[in-house]
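Novice: would you be able to build a 3D model of this:
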Amino acid sequence: MVSEAERTTKFLKFAKAKIHYTFSFEAKICKLQSLSFTALKPHQERALLIVKQGSFNYKIGDTGFNQKPFDGFQLYKEKSFVVIFWYQKRGDKRFTMIDINKWIEEKNNSERKSITYNRATEIAYLTDSL
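Specialist: Below is the predicted model:
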């Protein structure tokens, strides 16, 4: 079974190799024909907007067994995305990166309560596969 965590790990490898700018993102996996706009929680939307429009800093917790890379970070007016991993059939490796402002605009103006892959590709900043 494909999980959001597995796809996020693959996406981060893709990003390291092919995306050469700083950004924040919230990952979602869609195993149905569309992803509900409520999948992005209000606190996630707020954080992505803060990164894009202002200054967001975060302290990484001291818990866990692995060594953390550093104590925290700050992002100032950087790109922010909702990354949707589409998994609608076996072997599906598609993803779309939608700018947080486009996501909010779509959520507020769409006649639907969810976004389809086709619509996501129309408004996406980037569409590719892992």
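
Novice: wait, Ser24 sits on Ala47?
Specialist: Yes: Ser24 is within contact range of Ala47, at 7.5 Å (criterion: Cβ atoms under 8 Å). Using the backbone N, CA and C atoms, a C-beta is placed for each residue, glycine as well.

Novice: list residues touching both of the two?
Specialist: Counting by Cβ atoms under 8 Å, 6 or more residues apart in numbering, the residues touching both Ser24 and Ala47 are Phe56.

Novice: what helices and strands are in contact with the longest helix seen in the chain?
Specialist: Identified as the longest helix of the chain according to DSSP state H is helix 4-18. Where contact means 3 or more Cβ pairs under 8 Å, 6 or more residues apart in numbering; DSSP states H and E, helix 4-18 is packed against strand 23-30, strand 79-86.

Novice: which of the ones you listed sits most buried?
Specialist: Most buried of those, by mean neighbour count (mean count of other Cβ atoms under 10 Å): strand 79-86, with a mean of 24.
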